[in-house]
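Visitor: please find the sequence and the predicted model below.
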Amino acid sequence: MNRSALLALCIFASACTLTQRRDTEKVIAQSLISDDQEFQLGLQVHEQLKKDNTKFLENPTVELYVESLARKMIAEANKERKLDWKWFVIDDPATVNAFATPGGRIYVYTGLLLAAENEAEVIGVLGHEIGHVVGRHSARQLVASNGLQVVVDMALGKNGGEVAKLAAGLAGKGAQLAYGRDMELEADQYGARYASGAGYDPRGLATFFEKLKAKYGDTGPVMTFFSTHPANSDRITKVTELIAAENLQGTELGVTSLKAAQAALGKK
Ligand SMILES: [Zn+2]
């Protein structure tokens, strides 16, 4: 039995630890969809967003600002997965959202930049989205939802057609792809680590969730983000535990610099 088949079995064996299962899924996702295929898929989704008349922000000050924040985490992300990262700001002040597509394209809405109270919160969200890409979550989600047959075919080397099917599914679902709870938790962990590594308060993502939930409940402009990112207390507890367990440092909040970017977006 080759290594892939052995790893594939782990997915369905109850004896696997969560970490083993995650690593196994990652290996399978990687063998099913290459970096180049992911890049092409991301490009495809981007073309679709343009066709759907998504309004991209044309404001160099804010675009450069978002890029500068993302760059603070990219060196760390590239250690695990080196990609040609790209950043886009969607001009939609009423939507508090951000998402990532395969291959390293990260999208953030102006509504999220306007709703945040400090940079640590924005960094936390961006780090979370980078984490989805580094963890190969889109490919893993498709593997998880396509089930045993795909994995068996892959293990037997008959994966040509399956790859095409996965690719089609990925492009079709595009930005709307919802990840499982374990992947959201994993992305939270990446986000906290990246934020801390960049010198920011790693609790930004968790506090942002709490504040938005207190302010809007589960409806209103926040709904888009909450529909795929439920701010349940379990999740906030888990990320807080990780911060303590790994002794993640970082105190920068970046209130002033965020305010400058928000002013460039017309916020009084
Ligand atoms: Zn997420």
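Guide: Perfect, thanks for sending it. Numbers count the residues shown, from 1 in each chain.
Visitor: and the helices in the stretch 101-250 of the chain?
Guide: 110-115, 119-134, 137-146, 148-155, 160-173, 181-197, 204-216, 223-228, 233-245 (DSSP state H, counting those that start in this stretch).
Visitor: residue 67 looks like it's in a helix, true?
Guide: Yes: assessed with DSSP: H, G, I helix; E, B strand; the rest coil, residue 67 lies in a helix.
Visitor: that one - nearest residue in space that isn't next to it in sequence?
Guide: Nearest non-adjacent residue to residue 67, counting by CB to CB, 6 or more residues apart in numbering: residue 87, 5.0 Å away. All C-beta atoms are positioned from the backbone trio N, CA, C, and that covers glycine.
Visitor: does that neighbour sit in a helix, a strand or a coil?
Guide: Quick answer, by three-state DSSP: residue 87 is strand.
Visitor: so it makes contact with residue 62?
Guide: No: contact criterion CB atoms under 8 Å: residue 87 and residue 62 do not qualify, at 10.9 Å.
Visitor: where does the stretch 101-250 of the chain come near the ion, residue by residue?
Guide: 184, 187 (CB under 5 Å from the ion).
Visitor: would you confirm that residue 84 contacts residue 39?
Guide: Yes: at 6.9 Å, residue 84 and residue 39 qualify as touching, with contact defined as CB under 8 Å.
Visitor: more crowded one of those two?
Guide: residue 39 (18 against 10; other CB atoms under 10 Å).
Visitor: overlap of the contact sets of residue 84 and residue 39?
Guide: Counting by CB atoms under 8 Å, 6 or more residues apart in numbering, the residues touching both residue 84 and residue 39 are 103-104.
Visitor: ok, now how distant is the nearest residue to residue 253 once chain neighbours are set aside from the ion?
Guide: Distances taken as CB to CB, 6+ apart place residue 118 nearest to residue 253, at 4.2 Å, with adjacent residues excluded. Here residue 118 is placed at a distance of 20 Å from the ion (CB to the ion, to the nearest Å).
Visitor: list the contacts for residue 118?
Guide: Taking CB under 8 Å, 6+ apart, we find residue 118 in contact with 204, 253-255, 258.
Visitor: looking at it, residue 38 is touching residue 102, isn't it?
Guide: Yes: in this structure, residue 38 is within contact of residue 102 by CB under 8 Å, at 3.8 Å.
Visitor: and for these two, which residues touch both?
Guide: Counting by CB under 8 Å, 6+ apart, the contacts common to residue 38 and residue 102 are 138-139.
Visitor: look at the two and report which has more neighbours.
Guide: Taking other CB under 10 Å, residue 38 and residue 102 do not tie; residue 102 has more neighbours (29 against 24).
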